[in-house]
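**Q** Show me the folded form of this:
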Amino acid sequence: MSMKMWRPASSGWSGRMRYYAEETYMKFGFGKGIALSAALLLSTQAVDAAKIRFTLGEYSKNTRISFERIAKAFEEKHPDIDIVIEVIPWSNYLQLLTTDISGNNAPDMSVVASIWLKEFSSQGIIEPIDNVVSDELKKKFIPALLGPSVVDGTLMALPIAASARAMMINNDLFEQTGQKAPTTWDELQSVSAEISKVAGKYGFGLPGKEEEVDVYYYYALWSFGGQIFDENGKSAIASPEGIAAAKVYSDLVKAGNTQPSPTANSRNDVFNLFKQGKIGTIFTFPMLVPQIKEEAPDLNYSVLPFPVAAQKTTMGITDSVAVFKTSKVKAEIKLFMDFIFDHDFRLEFNKADGLLPVLSSVVADKFYQEDKDIKAFADGLAYAQFQPTVERWDEIIDVTRSALQRIYLGEESPEDALSAAAAKIDTIRGL
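**A** Presented below is the predicted three-dimensional model:
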């Protein structure tokens, strides 16, 4: 634990405390040395820093840099408050956070995936955000992006990061093979086949392990007109639309038009292959853009909408900052919330990590109109769909991912794997 010690009188309240204590002891006849010692003791106690432990998932290497910079600026303005930043890879963040919560060691505030809020809220471990932020702060947000942070009619957190997904293609590989960017799922199959004929190149990048295996499936599911749950809340992944979506990817795998062994490759593995110029098409988020500009500046790429079947779609995602009920520093958190949602910091953070804006003032910045790559992602927010906010969503993801992996490995047909998965999901939800 870091602790701020006594500061001179210019530091504000603690300095005044020292002055008054010294005067009082002198008035009652104590020597100046005793008076000064007593004053130092009181003032040291007065400025023991309130500590805000703040955890967040890692978007890129810039995440820690940005938040440590804002923490330092905040501490300079509020010397009686310490901000402890903990940046954790998203791949094991939920597990570590859950372990801390179970061990009565929850942080004071955390950036979490908005889809986790339902579970946290049902457990009664997070504070309704109205209790810890001002109405003025809430008015800064794009109204539609507050929706994923609402649980049963109550705003439980504030969106701190937004993203929409899109297709990214390697222009050089498309030109080399005489292909045009796919606008339908059938075209994706054909162009991927042509690019895969080039030695050492792969038509489509398909992640088959860890995070977002299920997310790729939802892109196609929604495009075919399907939904994750039906109107009665039961799993709809084994619907005709769901089976068609799974076949898009299983056909790519069967034809050898993805990178080898998709189930051995994570999303990051696929992105790294794309940066190396080895993959023709991937589905991705805007955070990849600054990574490419830094790590593969010569890569010739374009950002485009997803292929379309029945409807145009993409996924919108928000991460939210939540406050845990066990926190003893909610008054200090209220000050810090105002600070981290400052316009200039939000714009800086979004640019560095390739995120879309959550504040109305930031979305109006010319950056989001002039940068063609970021604009291509931002345009998708107009028709984006969001993952449902339901309890035990992490378990549902595991079941869906496992079914897709069996399909990609050729162990089960899409019909059999998805039907079994849907039944498991309904059981998890008590339906």
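
**Q** count of residues packed around Glu127?
**A** 20 (other CB atoms under 10 Å). Yep, even glycine has a C-beta here, placed from its N, CA and C like the rest.

**Q** err, Phe67, not the other one
**A** The burial count for Phe67: 20, using other CB under 10 Å.

**Q** Going by neighbour count, which residues of the helix or strand it falls within are buried?
**A** Here Phe67 is covered by helix 61-77, with elements defined by DSSP states H and E. With burial defined by 16 or more other CB atoms under 10 Å, the residues of helix 61-77 counted as buried are 62-63, 66-67, 70-71, 74-75.

**Q** Closest one of those to Glu332?
**A** Set against Glu332, the nearest of the buried residues of helix 61-77 by CB to CB is Phe74 (9.8 Å).

**Q** wait, doesn't that closest one sit right on Phe339?
**A** Yes - counting by CB atoms under 8 Å, Phe74 touches Phe339, with 4.8 Å between them.

**Q** Identify the residue nearest Lys330 in space, chain neighbours excluded?
**A** Val132 (5.1 Å; CB to CB, 6 or more residues apart in numbering).

**Q** for Gly256, that is, sorry about that
**A** Ser196 (6.3 Å).

**Q** Quick check, that neighbour in contact with Asn257.
**A** Yes - with contact defined as CB under 8 Å, Ser196 reaches Asn257; the gap is 4.6 Å.

**Q** So between these two, which is more surrounded?
**A** Legend: neighbour count by other CB under 10 Å for Ser196 and Asn257, higher for Asn257 (24 against 21).

**Q** how about that one, what does it touch?
**A** Contact analysis of Asn257 by CB atoms under 8 Å, 6 or more residues apart in numbering lists 189, 192-193, 195-196, 202-204.

**Q** List just the nearest of those to His343.
**A** Phe204 (39.3 Å).

**Q** Now do that closest one: how many residues are near it, please.
**A** Residues near Phe204, counting by other CB under 10 Å: 27.

**Q** What is the neighbour count of the residue nearest to it when sequence neighbours are not counted?
**A** Leaving out its chain neighbours, the residue that sits closest to Phe204 by CB to CB, 6+ apart is Ser192, at 4.4 Å. Counted with other CB under 10 Å, the neighbours of Ser192 add up to 25.

**Q** tell me the SS of Ser192?
**A** Secondary structure, DSSP: H, G, I helix; E, B strand; the rest coil: Ser192 is helix.

**Q** ranges for the helices of the stretch 251-400 of the chain?
**A** Along the stretch 251-400 of the chain, counting by DSSP state H, counting those that start in this stretch, helices occupy 267-275, 288-295, 330-340, 343-353, 360-363, 367-370, 372-379, 393-408.
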